[in-house]
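Participant: Sharing a sequence plus its predicted fold:
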Amino acid sequence: LSERNEKYIVFIADFYPYHPEIVLDNNVNKDDVAKLYYKSMNIFFDRLEEAYDCKVIIAEHPSAKWNTNPFNNREIVYYKTAELVRDCYAVCMHYSCAFSYVALFNKPVAIITNNALQYSCAMRTYIPKIAESIGCEQLNIDCITDNSDVFNYISSDIRKQYIQTFADADNNLTNEELFRKHYVSIFNEIYNLKK
């Protein structure tokens with residue numbers, strides 16, 4: 001990936017709707033939802049590639065297993081999300097823990113949804129929450145026609161707070177405080193073993 005010299009946009013994929021943890025409403029047929037989802041996503045990616053004069057690369061979830069490429073033969077990459085985000089022009093995503101890379105590398109991001117994602121309660125719930133938490137508008141790609149201005153940077157205050165608390169969000173500790181806490185814990189464990 002370090003050899004990539006071309007400009008590209010990365011999509012952080014979720015293996016929707018086939019991810020093992022995704023439950024669809026009222027026993028909706030996953031294959032029907034998948035057809036709607038990938039048609040919508042590929043139309044959006046076509047528009048992005050035209051608007052930004054670059055390709056879209058898919059950072060796919062490790063659980064994804066494809067017999068055929070559902071992204072109109074766009075490049076699908078596994079286990080390289082951090083590198084892809086680090087070197088990309090911009091990121092689009094629904095929601096993912098990989099969002100931390102967007103904050104760490106300070107990349108412009110588009111939090112996107114579409115009509116097919118509405119069949120999942122988790123997607124309906126978490127996509128708006130992540131957009132709100134970073135101060136970005138979620139974009140329903142089935143309703144927008146102008147893709148030339150969809151990416152936004154996270155505000156510096158929100159980004160700093162996110163980076164400082166991501167590793168231990170429940171305790172709201174900074175990385176410095178986390179290091180100290182774990183260092184002392186390890187020291188005490190070693191010291192107690194030698195007594």
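Facilitator: Happy to help now that I have it. Numbering: from 1, shown residues only.
Participant: contacts, neighbours, all on C-alpha from now
Facilitator: Noted.
Participant: which outside residues touch whichever strand or helix holds Phe45?
Facilitator: Under the criterion of DSSP states H and E, Phe45 resides in helix 30-52. Residues outside helix 30-52 that contact it (CA atoms under 8 Å, 6 or more residues apart in numbering): 16-18, 24, 54-56, 70-72, 114-117, 119, 141-142, 147-148.
Participant: and it, average pLDDT?
Facilitator: The average of the pLDDT scores along helix 30-52 is 94.
Participant: how about that helix: buried residues?
Facilitator: 30, 33-34, 37-38, 40-42, 44-45, 47-49, 52 (16 or more other CA atoms under 10 Å).
Participant: Which secondary structure elements does the helix or strand following that helix sit against?
Facilitator: Using DSSP H and E, the helix or strand that follows helix 30-52 in sequence is strand 55-60. Using 3 or more CA pairs under 8 Å, 6 or more residues apart in numbering; DSSP states H and E, the elements in contact with strand 55-60 are strand 8-12, helix 30-52, strand 76-78.
Participant: Compare those and give me the one nearest Gln161.
Facilitator: strand 8-12 (22.2 Å; CA to CA).
Participant: Report the angle between that closest one and strand 55-60.
Facilitator: If you take axes from the mean of the first three to the mean of the last three CA atoms, to 10 degrees, strand 8-12 sits at 30 degrees to strand 55-60.
Participant: Strand 8-12 pairs with which strands, parallel or anti?
Facilitator: As defined by DSSP bridges, the strand partners of strand 8-12 come to strand 55-60 (parallel), strand 90-93 (parallel).
Participant: quick one: contacts of it?
Facilitator: 54-61, 81, 84-85, 88-94, 96, 98.
Participant: And those, which of them are buried?
Facilitator: For the contacts of strand 8-12, buried by 16+ other CA under 10 Å: 55-61, 81, 84-85, 88-94, 98.
Participant: returning to that earlier point: now tabulate the strands paired with strand 8-12 in JSON lines and tack on mean pLDDT and distance to Phe187.
Facilitator: Shown next, in JSON lines, are the strands paired with strand 8-12 (pLDDT from 0 to 100; distance: least, CA to CA, whole Å):
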{"stretch": "strand 55-60", "mean pLDDT": "97", "distance to Phe187": "39"}
{"stretch": "strand 90-93", "mean pLDDT": "96", "distance to Phe187": "40"}
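Participant: can I get those in JSON lines with distance to Asn188?
Facilitator: Listed next are the strands paired with strand 8-12 as JSON lines, based on distance: least, CA to CA, whole Å:
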{"stretch": "strand 55-60", "distance to Asn188": "41"}
{"stretch": "strand 90-93", "distance to Asn188": "42"}
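Participant: Let me see the contact set for the residue lying closest to Ser120 once chain neighbours are set aside.
Facilitator: Leaving aside its sequence neighbours, Ser120 sits nearest to Leu24 (CA to CA, 6 or more residues apart in numbering; 4.7 Å). Shown in contact with Leu24 (CA under 8 Å, 6+ apart): Pro17, Lys30, Tyr119, Ser120, Cys121.
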